[in-house]
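Chemist: I would like the atomic coordinates for the input below:
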Amino acid sequence: MKHFTKHFSFHQEKREQLVLKLFKTGILIAALFLSTDGLKAQYFEVRKGNNAYSRGEYDEAKGQYEKIENSEEASTEGKAAATFNAGNASYRQKKYTDAQKKYEKIAADESIDAATRADAYYNLGNSAFKRAKDAKPEEKPELLREALKNYKQALTHNSSDRQTKVNYEFAKAMLKEMEEEQRQRQKQQNKDNQNQNDQQKKENEQKQDQNKQDQNQQQKEEQKEQQNQENQNQQKEEQKPQEQKFSKQDAEKILDAMKEDEKNMMKKYQVKKNSGARYSKDW
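Modeler: Next up is the predicted model:
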């Protein structure tokens, strides 16, 4: 006849008036349905494992449980109990990934009774939750979703388990809080990015305005330099002797004046020649 005796000792954490009972630490004790020859040996292995577990010697406990897991003589129920307890031993060592592997074997085995599978799903949820607490911020939400999924599966197999309902609501509230914090961080990040973009845009505009002012100033200086050069060239040109230019009429007037002067000169010369006096010597 199959029977399981569970001895549970729950650790409680309080947060926002929600209570999280971390995991079901009870050791499953199953009738092994062994052959007469193997019964005594298997019984002592179970007892050694349970005693080591109670003392906190979890490596020793796992070693004894795994002997039963790998035994060809142990019953299905006995192997399931050993696997479950080995998972609990790993959990106690905070080896949550190893513990999950053991619980997954129980949860996936449809030949195992619903209550035991519900406990396995429950502890899978708690393992994911514990991993979430130690994970990086960006990994926490996904692990909490994994915990919620397993709690739901536990309730599917045992809908009246109050502890599972409490843990489900606790993990759900924590996930909601994290998602809200993440939205706020993203909102702030978007705001900071926008402010940074606006500041960069403002700086670029100021830089463009300054460049434009510099260009205008440079153009003014170049124009001024060019004007100064032109003024200097003009002054040099003014200092040079200017060639006198005459129109045709001016030239004709000058030529007529010269001819007239020449006539006058000839007349004066003739007068002087004709009116020349003779002088006698004064002896």
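Chemist: so where's the stretch 1-150 of the chain uncertain?
Modeler: 1-42 (pLDDT under 70).
Chemist: what secondary structure does residue 74 sit in?
Modeler: Taken by DSSP: H, G, I helix; E, B strand; the rest coil, the conformation at residue 74 corresponds to coil.
Chemist: that one contacts residue 82, correct?
Modeler: Yes. Between residue 74 and residue 82 there is a contact under Cβ atoms under 8 Å: 7.2 Å. All C-beta spots, glycine's among them, are computed from the backbone N, C-alpha and C.
Chemist: which residues are common contacts for the two?
Modeler: Residues touching both residue 74 and residue 82 by Cβ atoms under 8 Å, 6 or more residues apart in numbering: residue 68.
Chemist: of the two, which one has the most company?
Modeler: residue 82 (29 against 23; other Cβ atoms under 10 Å).
Chemist: which ones are touching the nearest residue to the more buried one once chain neighbours are set aside?
Modeler: Leaving aside its chain neighbours, residue 82 sits nearest to residue 68 (3.8 Å; criterion: Cβ to Cβ, 6 or more residues apart in numbering). Contact analysis of residue 68 by Cβ under 8 Å, 6+ apart lists 32, 42, 45-46, 49, 74, 78-79, 81-82.
Chemist: a markdown table for these, including secondary structure and distance to residue 212?
Modeler: A markdown table is the format used below for the contacts of residue 68 (DSSP: H, G, I helix; E, B strand; the rest coil; distance: Cβ to Cβ, whole Å):
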| residue | secondary structure | distance to residue 212 |
| --- | --- | --- |
| 32 | coil | 91 |
| 42 | helix | 92 |
| 45 | helix | 89 |
| 46 | helix | 88 |
| 49 | helix | 84 |
| 74 | coil | 88 |
| 78 | helix | 88 |
| 79 | helix | 83 |
| 81 | helix | 84 |
| 82 | helix | 82 |
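Chemist: top of the residues you listed by neighbour count?
Modeler: residue 82 (29 neighbours).
Chemist: so residue 178 makes contact with residue 142?
Modeler: No. Counting by Cβ under 8 Å, residue 178 does not reach residue 142; the two are 10.4 Å apart.
Chemist: give me the number of residues near residue 85?
Modeler: Residues near residue 85, counting by other Cβ under 10 Å: 28.
Chemist: residues of the stretch of helix or strand it belongs to that come out buried?
Modeler: If you go by DSSP states H and E, residue 85 is part of helix 76-92. Neighbour-count burial for helix 76-92, counted by 16 or more other Cβ atoms under 10 Å, picks out 77-92.
Chemist: which other helices and strands contact it?
Modeler: helix 36-55, helix 58-69, helix 96-108, helix 114-134 (3 or more Cβ pairs under 8 Å, 6 or more residues apart in numbering; DSSP states H and E).
Chemist: okay, the ones you listed, which one's buried deepest?
Modeler: helix 114-134 (a mean of 22; mean count of other Cβ atoms under 10 Å).
Chemist: how far does the very next helix or strand once past that one sit from the chain's center?
Modeler: For helix 114-134, the following helix or strand on the C-terminal side (DSSP H and E) is helix 140-157. Offset of helix 140-157 from its chain centre (Cα atoms, centre = their mean, to the nearest Å): 28 Å.
Chemist: list of residues touching helix 140-157?
Modeler: 107, 114-115, 117-119, 121-122, 124-126, 128-129, 131-133, 135, 161, 164-165, 167-168, 171-172, 174-175, 178-179, 182.
Chemist: what sits against the closest residue to residue 106 other than its chain neighbours?
Modeler: Distances taken as Cβ to Cβ, 6+ apart place residue 120 nearest to residue 106, at 3.7 Å, with adjacent residues excluded. Shown in contact with residue 120 (Cβ under 8 Å, 6+ apart): 84, 87, 103-104, 106-107.
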